[in-house]
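# A predicted structure for the sequence below; I have some questions about it.
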Amino acid sequence: MLSKSYSNLLDLLTGDFGTMKLENKRLSRVMTVPGNVNELETEQTQSVSLDSPSTITQDRMIIVANQLPIVASRGLDGTGWIFSYDEDSLLLQLRDGLSDDTEVFYVGSLLADVDSSEQDSVSQILLDSFKCVPTFLPADLCDRYFNGFCKKHLWPLFHYMLPLSAGDGGRFDRSLWEDYVSVNRLFAEKVIEVLNPDEDYVWIHDYHLMALPTFLRRRFHQLRMGFFLHSPFPSSEIYRTLPVREEIIRSLLNADLIGFHTFDYARHFLSCCSRMLGLEYQSKRGYLGLEYNGRTIGIKIMPVGVHVGRIELCIKHSEEEMKIAQLRQQFDGKSVLLGMDDLDLFQGISLKLLAMEQMLKQHETWRGRAVLVQIINSARSTGSDVQEMVSEIEEISQRINKEYGKPGYEPVVIIHRPVSATEKMAYYTTAECVVVTAVRDGLNLTPYEYIVCREGISRSESSADVASGPRKSMIVVSEFIGCSPSLSGAIRVNPWNVEATAEAMSAAISIGNSEKQLRHEKHYRYVSSHNVGYWARSFVQDLERSCSDHFRRNYWGTGLGFGFRVFSIDPNFKKLSFDAVESAYKVSQSRAILFDYDGTLMPKNCMSKRPSQEVISTLVTLCADSRNTIFVVSGRGKDSLSDWFSPCKKLGIAAEHGYFLRWPEKENWEICGHSTEFGWMQITEPVMKHYTEATDGSYMECKESALVWHHQDAHCDFGSTQAKEMLDHLESVLTNEPVVVKKGQFIVEVKPQGITKGMVAEKVFKSMEEKGKRADFVLCIGDDRSDEDMFETVENAASTELLSAKAAVFACTVEQKPSKAHFFVNDTDEVRLILDSLANLSHPSSSAS
C-alpha cells in the first residue's frame, strides 16, 4: 500500500513540481502560506546584517538525511514499537557543535517496516518524543530509490566505476532516476511539515538527497539551506558521463553552502560547474564561493571528525567487560595489524590481504610474529559482486594461513560477523597498527577512531595498561580516501601497489617506539580538536555567513523542473519597466541612448555578427529624430562597426571600448587615448603567442589599440590557469608601460590606460551640454563587465550638472546579475523590443519644442 505522502509521479515526468500538499501538520508554528516568503518578512528578519553575531541560538535546525538517528524494534510481545536514539549516528553526534538551546528536528526514513495503519501513530510518537519526522516509503519505491539509483548509479559513479558493460552495474535507467526524484519530493513534503522558513536552517546530508534542494528552494526562495556530501565527488570526466548530470548540479546549487571532505572533492565539483555551466569560483578572505544568478554559494571543505567522548565510553565498557585483556592475552607476543572495513567493493580488503602475503614472503622475521586481524562489517548492498568478494577473501586468507601458519599461529584472522562497538574498541586498543587500503572512500573514520582508542581514557579514570606509559600508534592509509590529507604522520600508500603496501606495513611495525609516540601525539592533537562537534560548528557558522543577507535581498525563481533557479538581487535592482521608459521618452526633449553591441543588441551565440535589417531600420528611425543622440559603444574594431552600420549616418560609434570615436554624421574617427605610442605591443604580442601555442583552443585577437587573448574554447581549468599565469607575466613585463592588463570572462586584455566605456558616456554628455542640450532622458544598456564603467558614469552624471536636473536615467544590464545598473532586461530580444517601441514613438526630423 502506498504511503499517504506518496505524490503523483506524473508531475515529475512533465517537469511540473507544482505546489506540494501538506498533511498531518502537527506544529502550530509551521508556515503554510504558498509563494515567495518576501510577503512574510518581519522587522526581525530584515535586521539581519553581515556584522551581526551568530543567530543560530535563536533558530531551529532541521537535519535531513536518508535515515533517522533512531533504533526501532518491536515490543517484547510482538506488538507496539520501542524507539531509542542511535548513539553512534553522526546526525545525533553533530549536535555537540550546536548551541544547547538550538532546537533540532530530524527528517528521514525509519529503518523498520511500519505498517500503513501504524504510520500516523508512530509519526506522532517520534515527533513528540524524539523530534523526528519519519518519511515512510513504499517498499518497491524504496528499493528502486536506494538499491536502484543510489547504489547502482550514484555510488559506483562517485567511486569512479563506470558502467562500461551491462555487468558493471547496468546501463542508466531513467525510471530509477524518476523514482529517486519521487523520494526526494516526499522528503521535501516532510521537511515542509515542520518548517518555518523565516527562522529555520535546513542541513541536508549525502548523495541520497541531491534533488531535495530544488524542491525546497522552489517553494521557499529565501530558505537558509546547506548540503554536505559524505562520499567522494568524482573528477569532471567521470561525473559528466551521468545522463542527469546537469539536473543534479543545478539542484545542489540551490543550496547556500555545499560541503565536502577534501579540496580534491570540492575541486572536482567546481570543475563540473565551470565546464557545464560556465561558472568560475572565487576565493575571498579564505572562503570559496560560486556566483550563480546573483547568489553566492559557499563551498566548505572540512572532513568530519569522531565523537571522542563516545569512543572513550566504549573503551571504558571494554575494560569492564575484560575484552581488552582477553585480546592482549590472545595476541601476546604478536604484532597486530588491524583492518576494519565494510564488505564493499571499494574497501580494498583483498589488496590488503595480498600485501600481508607479500610482507610475509619478503620478510621472514615477521613469520610467526605478525598477525593481520581483518574485521568485515556487513555489506550495505546485495548482489553477485558481494559473494565474489567473500569468496576471494576466504581464498586468499586460507592460502596465507596454509603457507605461513603453524600450530598456535594464524597470520590472518578473518572476523566476518556482527562486532559490537565495545569489541571494536578493544581491537583498536590492542592493535599496533591499523591498515586502510580502500581504493576510494569519502572519508573513512577508522584511523580517527583507532587514534582515540590508542590514547585511551584519562589516566585518573583508567586502570588498564592502555592508559599507562607513552601512547603509540601507527597508520598505513590509502592515499585515495578522504582522511588521508589530515593524517600527515601516517604512511600513505597506493593500495594497487601490493609490494609498496607490504613494505609500508613492515615499516609501520618496525619503527621505534619514540617515532611511534611522536606520530601518535601529532595525530591525536588533530583528531581530538577536529572532532564531530568542531566540524558541525564550523559548517553551521559558514552557513550563517552564507545566508547573512538573505532577508535584505529580493528573490524570484524561474525555470521548469530541475532547470529551476532562484535569482537574488539588491532591492534597488529592478526589472526595466517599458511603460516607464516610454512615458519618460515621450516628454523628453534631449535624449541620449547608449548601448553595447555583442550580448546586448546581438545575441552572443549568434554565428552571424552582422546586425539584421530590422535592427538597422530601428536605429535609422531613432537617429532620424533630432532630439536623439544615439551611440553604439562596443569592444569591436572600427572597420567592422563602420561597415555594419553604414546605413545609419546619424549613429555615433565608439570602437575598441572608446579608443576610437566617430560622432554622428562625421566621417573621421577621433582617437581618445592619451598616447599613440604602441611599442608595448611588441612586448605583449610574443607573450600572447607563446601562451596561444601552449594552450590548445585559445587564440589571440589583434586590435588597433589592444591585444586580447581568448581561452573560452580551451580546457576550463588549464585555460584559467594559463590566464592567471599570463596576467602575472604581462603585469611584470609591462610595469613601466602606459597600459592596463585586465582579466575578464575567458579573456586577458591589454589596452591603453584611461580607455573605458565610461569615458565615452562622459564625452557624449559633455558634447550635449556644450550644445545647450543637456540630456533629460538617458537609456544605457550593456551586458558585460566593460559596460559597468558606463553604468557608473551614467549614474554619477545624474547627480552632476552634465544632465538636466530632472533627467530620467535608465542604466540597464542584460540578464539578472550583480551590476552597477539599477535595471535589467532578460535578454537581447527585450533590448530590441524596447528600441522598437521607442522608434515607434519617434518623429523623424522633428525639432525640440
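Alright, I've got the coordinates. Residues are numbered from 1 along each chain as shown.
# what's around Asp342, how many residues?
17 (other C-beta atoms under 10 Å). For every residue, glycine as well, the C-beta is placed using N, CA and C.
# repeat that for His416.
Neighbourhood size, His416 [other C-beta under 10 Å]: 14.
# equivalent analysis for the one 3 residues further on, please.
A count of neighbours around Val419, defined by other C-beta under 10 Å, yields 16.
# ditto for the one 5 residues further on
Lys424 is flanked by 22 other residues according to other C-beta under 10 Å.
# so what's it up against?
By C-beta atoms under 8 Å, 6 or more residues apart in numbering, the residues touching Lys424 are 314, 340, 375, 449.
# one more: Thr692?
Thr692 is in contact with 698-700, 709, counting by C-beta under 8 Å, 6+ apart.
# try it again with 10 Å
Taking C-beta atoms under 10 Å, 6 or more residues apart in numbering, we find Thr692 in contact with 698-700, 709-711, 714, 722, 726.
# can you tell me which of those residues lies nearest to Cys780?
Among these, His710 lies closest to Cys780 (C-beta to C-beta), at 26.1 Å.
# bridged to that closest one, which residues?
Tyr699, Ile747 (DSSP bridges).
# wait, Met161 touches Ile238, no?
Yes. Using C-beta atoms under 10 Å, Met161 makes contact with Ile238 at a distance of 8.9 Å.
# and what about Ser84, helix, strand or coil?
Three-state call for Ser84 (DSSP: H, G, I helix; E, B strand; the rest coil): strand.
# burial measure for it, as a count.
Other residues within reach of Ser84, judged by other C-beta under 10 Å, total 11.
# what do you get for Ser165?
Every residue meeting other C-beta under 10 Å relative to Ser165 is counted, giving 9.
# how about the contacts made by it?
Applying C-beta under 10 Å, 6+ apart, the residues near Ser165 are Arg171.
# now swap in Ala805 and tell me
774, 776, 798.
# drop anything exposed from those.
Buried members of these, counted by 16 or more other C-beta atoms under 10 Å: 774, 776, 798.
# between those, which is nearest Ser231?
Among these, and counting by C-beta to C-beta, the member closest to Ser231 is Ala798, at 53.1 Å.
# you'd agree the closest one is up against Phe777?
No. Counting by C-beta under 10 Å, Ala798 does not reach Phe777; the two are 11.5 Å apart.
# mutual contacts of these two, please.
By C-beta under 10 Å, 6+ apart, Ala798 and Phe777 have these common neighbours: 804, 807-809.
# farthest pair within those?
Once C-beta to C-beta is applied, those give Ser804 and Val809 as the farthest pair, at 10.0 Å.
# quickly list what's touching both of the two.
Applying C-beta under 10 Å, 6+ apart, one finds that Ser804 and Val809 are jointly contacted by 775-778, 798.
# what about those residues, which are in strands?
Judged by DSSP state E, the shared contacts of Ser804 and Val809 include 775-778 as members of strands.
# most neighbours of all the residues you listed, which one?
Counting neighbours by other C-beta under 10 Å, Val778 comes out on top of those with 28 neighbours.
# I'd like the distance between it and Leu594.
Computed as C-beta to C-beta, to the nearest Å, the Val778 to Leu594 distance reads 8 Å.
# what's the answer for Arg525, then?
Computed as C-beta to C-beta, the Arg525 to Leu594 distance reads 61 Å.
# same check, this time on Val386
Distance, Val386 to Leu594, by C-beta to C-beta: 68 Å.
# these two - which one has more neighbours?
More crowded of Val386 and Leu594, by other C-beta under 10 Å: Leu594, with 26 against 16.
# check for me that the more buried one belongs to a strand.
Yes. Under three-state DSSP, Leu594 falls within a strand.
# who does Ala370 form a beta bridge with?
Residues in a beta bridge with Ala370, per DSSP bridges, are Ser335.
# so it makes contact with Gln362?
No. Counting by C-beta under 10 Å, Ala370 sits too far from Gln362 to count as a contact (11.9 Å).
# shared neighbours of these two, anything?
Joint contacts of Ala370 and Gln362 (C-beta under 10 Å, 6+ apart) are Ser506.
# of those two, which one has the most company?
Using other C-beta under 10 Å, the more surrounded residue of Ala370 and Gln362 is Ala370, with 24 against 12.
# before we move on, what's the pLDDT of that one?
Among the per-residue scores, Ala370 shows a pLDDT of 97.
# same thing with the one 10 residues further on?
As predicted, Arg380 sits at a pLDDT of 68.
# next, the residue nearest to Pro571 when sequence neighbours are not counted: phi, psi?
The shortest distance from Pro571 to any non-neighbouring residue, by C-beta to C-beta, 6 or more residues apart in numbering, is to Asn554 (5.4 Å). When read as degrees, to the nearest 10, the backbone of Asn554 gives phi -100, psi 140.
# quick one: average confidence on stretch 671-683?
81.
# so Asp829 sits in a helix?
Yes. Counting by three-state DSSP, Asp829 is part of a helix.
# what's near enough to touch it?
Pro603.
# tell me the pLDDT of it.
Here, the pLDDT recorded for Asp829 equals 92.
# number of nearby residues for Val191?
27.
# what do you get for Arg171?
The number of residues packed near Arg171 is 11, by other C-beta under 10 Å.
# mind checking how far the residue lying closest to it once chain neighbours are set aside is from Ser350?
Closest residue in space to Arg171, ignoring its immediate chain neighbours: Pro163 at 5.9 Å, by C-beta to C-beta, 6+ apart. With distances taken as C-beta to C-beta, Pro163 is found 22 Å from Ser350.
# now Leu576
Using C-beta to C-beta, we find Leu576 at a distance of 65 Å from Ser350.
# more neighbours, these two?
Neighbours were counted for Leu576 and for Ser350 using other C-beta under 10 Å; Leu576 has more, 21 against 18.
# quick check on the more buried one: phi, psi?
phi -60, psi 130.
# name the surrounding residues that touch stretch 720-729.
Counting by C-beta under 10 Å, 6+ apart, residues outside stretch 720-729 touching it are 271, 274, 280-281, 684, 687-688, 690-692, 694-695, 698, 709-711, 714-715, 741-744, 746-748, 750.
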